[in-house]
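> Everything below, folded, please.
(one chain, ligands or ions: 1)
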Amino acid sequence: MGPRAQGYFNAILKNYRTGALTIITTLLVLVSVNFHSKAHATIRWKMPWPAGFTPQLTQGVHQDGLVGGLLAFDLSLPAGTPVLAPIDSTVVRHCIAQGTDNHRSILLRTRTGQQYSLGHVTTSTVQRSYRQGEQIGVVAPEQHVDDPRCATSTGAHLHFGLPQVPTTIDNQTLTRFSTRGEQLTSTNQRR
Ligand SMILES: [Zn+2]
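The predicted model follows:
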């Protein structure tokens, strides 16, 4: 091999090495991003009420009135308990149950596109977006509500519709088998 051919060969080899390194780096980044988005899907969430309240589940998995497909849980929180955003979210839509003036269901979306709902919430205004821990409203007063397209309820409680089950929030896992009486805690803080 003459010096010229040698130089050309070395150049190809160098390019090949750089190329391989680029491909490997890209793969590692992709794997890492994917891993993180999955891991963060619920790790960043906090329960939608302030630390200090320890409600019980009053109803295990049931369908969401506002959106089909969401799997919801009911929590025994007294009327007036602050309802906090569990994660940075934007509001997709909301409704006021017929026959009430301020008994709402709110559908929200996270930055990663997951949808979830909060029901039986009273608030004078619904913002376009909320930061985690920002107050959305309070648990609605005890009232018989019967509007299948928005909310149905007897007794004060918070309805929390999740994008998937099982879901781990604040180190507690909600599953299809979570039943009445399970006590839940929150690390959410009002901001
Ligand atoms: Zn419910």
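> Kindly report the residues of the protein close to the ion.
Neighbours of the ion within the chain, by Cβ under 5 Å from the ion: 72, 74, 159. For the C-beta atoms, the positions are set from N, CA and C on the backbone; glycine is no exception.
> Look up the closest residue to the second one, ignoring the ones flanking it.
It refers to residue 74. residue 59 (3.9 Å; Cβ to Cβ, 6 or more residues apart in numbering).
> Could you count how many residues lie near that neighbour?
15 (other Cβ atoms under 10 Å).
> Could you verify my assumption that it touches residue 71?
No - the pair residue 59 / residue 71 is not scored as a contact, 11.4 Å apart, by Cβ atoms under 8 Å.
> per-residue confidence at the residue in the chain that the ion sits nearest to?
Closest approach between the chain and the ion, counting by Cβ to the ion: residue 159, at 3.4 Å. Here, the pLDDT recorded for residue 159 equals 96.
> Just the element for it, please.
Per DSSP states H and E, residue 159 falls inside strand 158-162.
> name the helices or strands packed onto that strand?
If contacts are counted by 3 or more Cβ pairs under 8 Å, 6 or more residues apart in numbering; DSSP states H and E, strand 158-162 sits against strand 71-75, strand 115-122.
> what's across from residue 63 in the sheet?
With DSSP bridges as the criterion, residue 63 is bridged to residue 71.
> Please, where are all the helices along this structure?
Here the chain has its helices, by DSSP state H, at 3-43.
> Not including adjacent chain positions, what is the nearest residue to residue 57?
Computed as Cβ to Cβ, 6+ apart, the closest residue to residue 57 that is not its neighbour in sequence is residue 182, at 4.5 Å.
> Domain-wise, how is the chain divided?
Following automatic domain parsing, the chain resolves into domains at 1-43, 57-174.
> Tell me which of these sits most buried.
Of all the domains of the chain, domain 57-174 carries the top mean neighbour count, a mean of 18, counting by mean count of other Cβ atoms under 10 Å.
> any idea how far that one is from the chain center?
In terms of Cα atoms, centre = their mean, to the nearest Å, the gap separating the centre of domain 57-174 from the centre of its chain is 11 Å.
> Now for residue 50: which residues touch it?
Counting by Cβ atoms under 8 Å, 6 or more residues apart in numbering, residue 50 makes contact with 81, 82, 84, 186, 188, 189, 190.
> what about 6 Å?
82, 188, 190 (Cβ atoms under 6 Å, 6 or more residues apart in numbering).
> What is the nearest of those to residue 46?
residue 188 (3.8 Å; Cβ to Cβ).
> who's in contact with the closest one?
Going by Cβ under 6 Å, 6+ apart, residue 188 touches 46, 47, 50, 84, 133.
> Which two among those are spaced furthest apart?
The largest separation in the contacts of residue 188, counting by Cβ to Cβ, is between 47 and 133 at 10.9 Å.
> State the number of residues packed around residue 189.
12.
> Which pLDDT value goes with it?
At residue 189, the model reports a pLDDT of 96.
> and what of residue 102?
93.
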